[in-house]
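Undergrad: just a sequence and a predicted model for now, questions to come.
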Amino acid sequence: MIDTDDTTTTESAGSRSPRVLTNAVTGRLPWVTSCAWLTVAAVCPLVFLGALVTTMKAGMVDERAFVSPHQSIPELWQGGRGLGFGIEHSHRLAGWFAGLCGIQLAIVCWFTQSGGSRWLGLVALGLISFQGVLGYFRVALNSWWGPNLAWIHGCFAQVVFAVLVGLAVLLSRTRNRFRGTGFLARPSSAPGRQYDDADARRLDGLGSPSHENDLTPRVAPATTDRVHRWALVCVALVLCQLILGGVIRHESSLIVARVHLIGSFVVVIALVRLARLALREKEVYHGWSWLLMGLLTLQVLLGVEAGVNWMARYFNPTFDESFGLMLMRTSHYFIGSLLFAVTAVLALRPLPATGWQPALREAGELHSLQGGAA
């Protein structure tokens with residue numbers, strides 16, 4: 001038995017023919033998955049810095065709508081223009097980096113994926129680009145739109161982030177698909193596991209009707225459907241809550257603040273129920289339900305502090321807010337974005353039992369297995 005970095009060759013006792021397992025079967029898809037999650041990681045500081053810009057009301061400290069990186073970097077290096085200027089231009093530089101990651105993801109998806117999956121990278125790039133255009137017009141049209149376009153820019157950022165996380169999970173499905181328990185499953189074997197004759201016999205029949213159940217996610221369809229349906233409800237509830245929070249951040253409205261407070265109780269109840277349903281399907285939603293509960297707990301704590309801080313500023317206009325309180329309010333926005341993304345991931349359905357034969361065929365895997373079975 002030979003196990004290399006890129007391929008794994010097994011030889012059964014009854015046959016001397018090698019069976020080559022590519023990255024698609026061994027669970028190693030470094031390019032597409034790494035690019036997808038790198039894009040998500042690049043967008044995280046972009047979202048946080050953008051929220052901090054809004055918190056500090058520094059969106060118009062520089063009235064130039066377009067500033068290239070070779071202009072921003074020297075200006076940041078020189079300093080002397082205040083903290084708000086530095087955070088605003090750090091946000092713009094983070095946007096440039098996120099755009100480069102989106103371009104890289106689009107190229108890798110186009111040349112490594114098949115069918116509809118190759119378009120996922122272009123979807124990610126399109127969303128990032130559109131968000132950048134909104135940021136440009138937020139500054140260029142400030143005299144016409146005022147804070148309204150800034151509110152749209154901020155709310156759409158949370159939607160873009162959730163979609164990017166969902167796309168990263170979808171692009172990771174191919175790897176986890178061959179572990180036998182669905183796209184969010186716990187790995188069935190540790191890295192570097194040696195494939196034995198039983199694995200070789202199972203892979204010999206890959207794609208054949210008699211072995212179709214070997215790749216079928218071992219989940220209870222009825223329970224999984226309940227998680228899916230309830231997660232869609234939670235996505236809508238969390239999105240409404242995020243929109244209300246965006247209104248409060250840009251326009252201090254006591255009525256909206258009350259609706260946002262009442263809505264928080266509804267969202268907490270809905271997400272707790274979603275987490276309980278997801279915990280019953282640990283083999284499918286491993287880790288995500290616990291992450292949901294952890295983020296929800298942190299979001300409630302930050303929401304209490306943010307609410308007290310908002311009331312202090314609303315009833316006392318001379319209240320001097322410290323930078324620490326600004327970071328706390330910004331964290332409330334950012335954790336809300338993460339919570340929305342995790343809820344959207346739980347709304348995704350597990351991968352069906354078939355449908356990845358074209359990807360295997362492009363990699364030459366199916367032909368190798370059929371040739372090795374002779």
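TA: Nice, thanks for sending it over. Numbering: from 1, shown residues only.
Undergrad: so Gln71 versus Gly135, what's the distance?
TA: Distance of Gln71 to Gly135, computed by C-beta to C-beta, to the nearest Å: 16 Å. Every residue, glycine included, has its C-beta placed from N, CA and C.
Undergrad: also Val308?
TA: 31 Å.
Undergrad: neighbour count: those two, which is higher?
TA: A count of neighbours by other C-beta atoms under 10 Å puts Gly135 above the other of Val308 and Gly135, at 24 against 11.
Undergrad: how is this structure carved up into domains?
TA: Domain segmentation of the chain under automatic domain parsing yields 28-177, 219-349.
Undergrad: same list (those domains) but as CSV, adding mean pLDDT.
TA: Compiled in CSV, these are given as follows (pLDDT from 0 to 100):
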stretch, mean pLDDT
domain 28-177, 89
domain 219-349, 89
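Undergrad: can you give me the distance of the residue positioned nearest the centre of the chain to Phe111?
TA: Most central in the chain under C-alpha atoms, centre = their mean is Val165, positioned 1.4 Å from the mean C-alpha point. Between Val165 and Phe111 the computed distance is 23 Å (C-beta to C-beta).
Undergrad: flag every buried residue along stretch 276-293.
TA: For stretch 276-293, burial by neighbour count (16 or more other C-beta atoms under 10 Å) applies to 277-279, 281, 283-286, 288-289, 291-293.
Undergrad: biggest separation within these, which pair?
TA: The most widely separated members of those, counting by C-beta to C-beta, are Glu283 and Met293 (18.1 Å).
Undergrad: how would you label Arg81: helix, strand or coil?
TA: Secondary structure assignment for Arg81 (DSSP: H, G, I helix; E, B strand; the rest coil): coil.
Undergrad: and the gap between it and Leu242?
TA: 31 Å.
Undergrad: those two - which one has more neighbours?
TA: Leu242 (22 against 14).
Undergrad: relative to Ala347, how far out is that one?
TA: Distance from Leu242 to Ala347, by C-beta to C-beta: 15 Å.
Undergrad: same thing with Thr112?
TA: 26 Å.
Undergrad: do Val235 as well
TA: Distance of Val235 to Ala347, given as C-beta to C-beta: 5 Å.
Undergrad: from what I see, Pro147 and His250 are in contact.
TA: Yes - when contacts are counted by C-beta atoms under 8 Å, Pro147 is listed as touching His250 (4.6 Å).
Undergrad: helix, strand or coil for the residue lying closest to Phe334 once chain neighbours are set aside?
TA: In space, and not counting its chain neighbours, Phe334 is closest to Phe48: 4.9 Å by C-beta to C-beta, 6 or more residues apart in numbering. Recorded secondary structure, Phe48: helix (three-state DSSP).
Undergrad: tally of neighbours for Phe48?
TA: 18.
Undergrad: same deal with the one 4 residues further on?
TA: When neighbours are defined as other C-beta under 10 Å, Leu52 has 24 of them.
Undergrad: and it, what is it in contact with?
TA: Applying C-beta atoms under 8 Å, 6 or more residues apart in numbering to Leu52 gives the contacts Ile87, His91, Met326, Leu327, Thr330.
Undergrad: repeat for Ile128
TA: Counting by C-beta under 8 Å, 6+ apart, Ile128 touches Thr39, Val43, Ala98, Gly99, Gly102, Val160, Leu164.
Undergrad: cool, and Val266?
TA: Leu237.
Undergrad: okay, Trp310 and Val163: tell me how far apart.
TA: 29 Å.
Undergrad: with Tyr333 instead?
TA: To Val163, Tyr333 is 18 Å away according to C-beta to C-beta.
Undergrad: same drill for the two, tell me which one is more crowded.
TA: Taking neighbours as other C-beta under 10 Å, Tyr333 and Val163 compare with Tyr333 leading, 24 against 17.
Undergrad: sec struct for Ala65, please.
TA: Secondary structure, three-state DSSP: Ala65 is coil.
Undergrad: my guess is it contacts Leu134, does it?
TA: No - assessed by C-beta under 8 Å, Ala65 is found out of contact with Leu134, at 11.5 Å.
Undergrad: may I see the buried residues of stretch 140-152?
TA: Residues of stretch 140-152 classed as buried by neighbour count (16+ other C-beta under 10 Å): Asn142, Pro147, Leu149, Ala150, Trp151, Ile152.
Undergrad: name the element the fourth one belongs to?
TA: I take that to be Ala150. Remark: Ala150 resides in helix 147-177, with elements defined by DSSP states H and E.
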